[in-house]
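In: what follows is a predicted structure for the sequence shown.
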Amino acid sequence: PGKESYQPYKKIPILWQYNYDSGIEILTAAYFPKIFHKNNTRIDRPTYPFIANTLGKGVCLIICHVYELNELQKAGIGYIILKLLIFSLALVLLNEILKKYLNQNEILLTNLLIFFSIISIGNIATFHTIELQFITPIIITFLFINIINKYNLTKNFLFSIIVGILMLGKPNYAIYLTILVFSI
């Protein structure tokens, strides 16, 4: 439907979602960092393109001896692996957070509501960073709980670095500002 989605082919598979920005996302990952000289649209969000590019090249070290992959294919594979890793990490961390507050049935229901929602399903299959809107708060909350349970300077330093990297994935300052206000 026009500008609301990215449609690389005329026939779109049923239930497969394309975000309008997916084209530039995959190009940014495929040609990272050289693409920023021609198109700096995503220069403020280099985390996903960098990781997808790196993962794709890592897979190519194994696969390219048997089957040659172009840059877009490498980036696509990298994005798929990244999405699976980030969603899996979020699921594990959310379970760790919720174990302290909910019983097993409530945790299962929470996971179903979050990870099987239209937002999660639509975005795990999209070359984009939208899922970081709800995954970043999970990661940051887990890290913050870990810090307040047993504080040390190294944990605080790593927390700051990880938050910075996440903000370079998709700026989502609400959770970080909430933690700062809570801490003050």
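Out: Received, thanks.

In: so what's the residue count around Leu27?
Out: Using other CB atoms under 10 Å, the number of residues around Leu27 comes to 20. Any C-beta I mention is one placed from the backbone N, CA and C, and that applies to glycine too.

In: tell me the contacts of it?
Out: 35, 39, 72 (CB atoms under 8 Å, 6 or more residues apart in numbering).

In: which helix or which strand is home to it?
Out: Following DSSP states H and E, one finds Leu27 within helix 22-30.

In: just to revisit the earlier point, highest neighbour count among the contacts of Leu27?
Out: Neighbour max across the contacts of Leu27 (other CB under 10 Å) = Ile35, 18 neighbours.

In: any weak-confidence spans in this protein?
Out: 1-20 (pLDDT under 70).

In: the helices in the chain, which residues?
Out: 22-30, 47-63, 71-98, 104-115, 118-124, 132-149, 153-167, 173-183 (DSSP state H).

In: please work out which of these is packed deepest.
Out: Neighbour counts (mean count of other CB atoms under 10 Å) averaged over each of these peak at helix 22-30, with a mean of 21.

In: give me the nearest residue to Lys74, chain neighbours excluded.
Out: Excluding its sequence neighbours, the residue lying closest to Lys74 (CB to CB, 6 or more residues apart in numbering) is Gly56, at 3.3 Å.

In: for stretch 139-156, the distance to its chain's centre please.
Out: 21 Å (CA atoms, centre = their mean, to the nearest Å).

In: contacts for it, please.
Out: 89-90, 93-94, 96-97, 158-159, 162-163, 166, 175-176, 179.

In: in CSV: those, plus distance to Ile77.
Out: Below are the contacts of stretch 139-156 laid out as CSV (distance: CB to CB, whole Å):
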residue, distance to Ile77
Leu89, 19
Ala90, 21
Leu93, 25
Leu94, 26
Glu96, 29
Ile97, 31
Leu158, 29
Phe159, 31
Ile162, 25
Val163, 28
Leu166, 23
Ile175, 30
Tyr176, 31
Ile179, 34
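
In: what sits against Phe159?
Out: Residues in contact with Phe159 (CB under 8 Å, 6+ apart) are 143-144, 147.
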